[in-house]
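Participant: the following comprises the amino acid sequence and a computationally predicted model.
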Amino acid sequence: MVGYKEDFMFKVSSDRAEQAFRLLQIAFVVAPILAGLDKFFYLLADWSNYLSPFALRMLDGHDRPFFAIVGVVEIIAGLGVLFRPRIFAYVVSVWLLLIVINLLMTGHYFDIALRDIGLMLSAFALGKLAQQYDN
């Protein structure tokens, strides 16, 4: 029988799969929102360095306005995972797949692409867990 216990100010499930769901949910709310906000400020990274030459050509060198749009999308995705993880976990997973494709097209940043594959699979797992635990 799965129960709940009061821990600090939150109800914590004794179901370890539900705990994993909540942990992944928190991660995929916080990370996209922080990354999205940073697309406006460039404090964490110079995001333009990660654009493939193909993407830069498509944008005609207008990478900063593009990243402002990316920032808005990432913030919406993070909020979506908070309120509708059954849907937005998969949105984040596809978003990360697109990032991986872009990174591979740079011919560099294979380590970051590998990390993002792990994040993509984690977001996909969150979507699967949300089918069971998102109330």
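Facilitator: In hand now; what should we look at?
Participant: quick one, strands of this protein?
Facilitator: Ranges of strands in the chain, per DSSP state E, are 4-7, 10-13.
Participant: show residues contacting stretch 13-29.
Facilitator: When contacts are defined by CB atoms under 8 Å, 6 or more residues apart in numbering, stretch 13-29 is touched by residues 2-5, 12, 78-79, 81-82, 85, 89, 92, 122-123, 125-126, 129-130, 132-134. Quick note: C-beta positions are derived from backbone N, CA and C, even for glycine.
Participant: ok, stretch 79-98 next?
Facilitator: If you take CB under 8 Å, 6+ apart as the criterion, stretch 79-98 is touched by 24-25, 28-29, 32-33, 73-74, 77, 116-117, 119-121, 123-124, 126-127, 130-131, 134.
Participant: the same query, at a cut-off of 6 Å, please.
Facilitator: Contacts with stretch 79-98, where a contact means CB atoms under 6 Å, 6 or more residues apart in numbering, come from 25, 28-29, 77, 116, 119-120, 123-124, 126-127, 130, 134.
Participant: what's the answer for stretch 39-46, then?
Facilitator: Stretch 39-46 is contacted from outside by 38, 67, 70-71, using CB under 6 Å, 6+ apart.
Participant: among those, name the ones in helices.
Facilitator: Within the contacts of stretch 39-46, residues falling in helices by DSSP state H are 38, 67, 70-71.
Participant: circling back: out of the contacts of stretch 39-46, flag the one nearest to Val100.
Facilitator: When these are ranked by distance to Val100 (CB to CB), Val70 comes first, at 14.8 Å.
Participant: which of the ones in helices among the contacts of stretch 39-46 sit farthest apart?
Facilitator: Asp38 and Val70 (10.4 Å).
Participant: any idea which of the strands of the chain scores lowest on pLDDT?
Facilitator: Ranked by mean pLDDT, those end with strand 4-7 at the bottom, a mean of 58.
Participant: give me the neighbour count for Arg57.
Facilitator: By other CB atoms under 10 Å, 10 other residues sit near Arg57.
Participant: ok, it to Asn49 distance?
Facilitator: Distance of Arg57 to Asn49, given as CB to CB, to the nearest Å: 16 Å.
Participant: one more: Gln131?
Facilitator: In terms of CB to CB, Gln131 sits 37 Å off from Asn49.
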